[in-house]
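>>> Next comes the sequence, and after it the predicted model I'd like to discuss.
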Amino acid sequence: MTSASKQPIRLSVLDRSRTRRGEEPAEALRATVALAREVERLGYHRIWVSEHHGVPGVAGSAPTVLAAAIASATSRIRVGTGGVMLPNHQPMVVAEQFGVLAALFPGRIDMGLGRSVGFTDGVRRALGREKDAADDFGAQLAELIGWFDGTQQAHRGVHARPAEGLRVPAYVLATGEGADLAAEAGLPLVIAAPRGEDRMLAAVDRYRERFRPSAQASEPYVIVSGTVAVAATAERARELLVPEAWAGAYSRTHGEFPPLAPAAEVRALEMSARERAAFEQSMKGHISGTPEQAAGQLRALVERTGADEFLLATSTYDRAELLDSHRLLAEAFGQVDGASASM
């Protein structure tokens with residue numbers, strides 16, 4: 001029996017502070033904080049924010065700063081990062097930032113960590129990092145944990161205050177070798193549900209087989225992330241996927257990730273053959289439908305993966321529809337009583 005079949009599915013949210021066409025980044029950041037308040041009321045377990053640099057369509061560039069704003073605006077939901085890209089930073093600085101968060105909001109802060117570096121040469125130069133910085137992720141991760149448990153102080157004579165002695169749960173985002181590193185470090189794994197599941201399932205199996213219990217986690221813990229669009233009809237739910245699918249297609253064909261545009265405008269575009277192929281590919285592999293349909297698809301995915309938790313990474317142009325999608329899914333899993341939510 002998988003862990004997923006032993007208990008109700010735990011649902012969480014990842015929000016990247018996606019900008020909409022014509023709006024300022026500040027609007028997207030404020031909307032993320034507002035969304036956090038609403039998904040807390042809807043019974044979601046945690047909300048995470050991400051780190052992107054120099055991306056026109058994403059306002060979330062400083063996740064620990066944004067996490068502080070969210071934690072201040074909420075009272076119960078866990079708050080964290082999905083994630084801080086550790087190769088972009090000195091581990092001691094990351095420890096200090098999360099130490100401050102954990103000191104201010106005890107028992108509510110998560111430290112989700114990724115191994116990606118800046119997407120372009122210009123961004124990497126601005127961050128002072130080389131493309132191969134991710135190769136040292138394992139050592140960086142060990143150092144970061146060491147600043148919390150005091151082992152770094154033992155041979156450096158430096159204390160990372162207020163982090164030292166605090167317990168901030170760490171999670172590894174699986175990119176490349178991330179699953180293996182999470183297993184070796186004895187940390188929970190966060191992995192995206194791709195359009196083809198075989199590689200993901202193999203990575204999850206390998207993670208569980210190689211997991212080494214640690215002070216952070218005594219047994220494997222898997223969070224699967226992905227897009228889930230829910231609406232009153234399957235047709236409307238599918239339309240919620242269009243804005244983000246087009247942004248992804250545009251990024252692959254033009255090299256720039258744009259702000260979100262309304263679905264109707266995307267549908268009316270005269271796409272090139274290359275754009276159309278990329279768009280259609282981007283529309284595949286997601287969970288969408290009515291509450292009953294989406295809940296059934298999600299349960300099946302959790303059963304296949306044995307996931308302990310699902311992290312919704314959904315974006316769409318209309319924020320009211322996004323919130324409604326989260327509400328309908330929460331209701332389908334019995335997390336709320338059906339009361340309406342408002343941004």
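Done, it's in.

>>> The lengthiest helix in the chain packs against which elements?
Using DSSP state H to define each element, the chain has its longest helix at helix 25-41. Applying 3 or more Cβ pairs under 8 Å, 6 or more residues apart in numbering; DSSP states H and E, we find helix 25-41 packed against strand 10-15, strand 46-49, helix 63-73, helix 319-332. C-beta here means a position set from N, CA and C on the backbone, and glycine is covered the same way.

>>> Give me whichever of the ones you listed is most buried.
Of the helices and strands packed on helix 25-41, the one with the most neighbours on average (mean count of other Cβ atoms under 10 Å) is strand 46-49, at a mean of 28.

>>> Can you tell me the strand partners of that one and which way each runs?
Sheet pairing for strand 46-49, assigned by DSSP bridges, gives strand 10-15 (parallel), strand 78-81 (parallel).

>>> For residue 268, find the nearest of these.
strand 10-15 (27.6 Å; Cβ to Cβ).

>>> Show me the contact partners of the closest one.
Outside strand 10-15, the residues that touch it by Cβ atoms under 8 Å, 6 or more residues apart in numbering are 32, 35-36, 39, 43-50, 60, 78, 82, 223, 225, 308-313, 326, 329-330, 333, 335.

>>> Are any of those residues buried, and if so which?
32, 35-36, 39, 43-50, 60, 78, 82, 223, 225, 308-313, 326, 329-330, 333, 335 (16 or more other Cβ atoms under 10 Å).

>>> Run through the stretch 201-343 of the chain and note the low-pLDDT ranges.
Residues of the stretch 201-343 of the chain that meet the criterion pLDDT under 70 lie in 336-343.

>>> so residue 293 makes contact with residue 233?
No - under the criterion of Cβ atoms under 8 Å, residue 293 makes no contact with residue 233, lying 9.9 Å away.

>>> Look at these two and report which has more neighbours.
Ranked by neighbour count (other Cβ atoms under 10 Å), residue 293 and residue 233 place residue 293 first, with 16 against 11.

>>> Check the gap between the more buried one and residue 243 for me.
Here residue 293 is placed at a distance of 21 Å from residue 243 (Cβ to Cβ, to the nearest Å).

>>> Reformat the strands paired with strand 46-49 as CSV; add mean pLDDT.
Formatted as CSV, the strands paired with strand 46-49 follow (pLDDT from 0 to 100):
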stretch, mean pLDDT
strand 10-15, 97
strand 78-81, 98
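
>>> Could I get these in a markdown table, plus columns for distance to residue 304?
Shown next, in a markdown table, are the strands paired with strand 46-49 (distance: least, Cβ to Cβ, whole Å):
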| stretch | distance to residue 304 |
| --- | --- |
| strand 10-15 | 17 |
| strand 78-81 | 25 |
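
>>> circling back: could I get the helices and strands packed on helix 25-41 in TSV, plus columns for distance to residue 213?
Shown next, in TSV, are the helices and strands packed on helix 25-41 (distance: least, Cβ to Cβ, whole Å):
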stretch	distance to residue 213
strand 10-15	21
strand 46-49	23
helix 63-73	28
helix 319-332	33
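
>>> what about the ones you listed, which gets the closest to residue 150?
Within the helices and strands packed on helix 25-41, the stretch nearest residue 150 is helix 63-73; the backing value is 21.5 Å (Cβ to Cβ).

>>> for the record, mean pLDDT for the closest one?
For helix 63-73, mean pLDDT is 98.

>>> Just the CA coordinates for that helix, please, in CSV.
The C-alpha coordinates for helix 63-73 follow below in CSV (Å, rounded to 0.1, in the frame of the first residue of the first chain):
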residue,chain,number,x,y,z
PRO,A,63,11.5,34.2,-2.7
THR,A,64,12.6,34.7,1.0
VAL,A,65,11.5,38.3,0.9
LEU,A,66,8.1,37.4,-0.6
ALA,A,67,7.8,34.5,1.9
ALA,A,68,8.2,37.0,4.7
ALA,A,69,5.3,39.1,3.3
ILE,A,70,3.1,36.0,2.9
ALA,A,71,3.9,34.7,6.4
SER,A,72,3.0,38.1,7.8
ALA,A,73,-0.4,38.1,6.0
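
>>> neighbouring contacts of that helix?
Helix 63-73 is contacted by residues 17, 29, 32-33, 36-37, 47, 49-51, 60, 79-84, 94, 97-98, 100-101, 104-105, 108-109 when judged by Cβ under 8 Å, 6+ apart.
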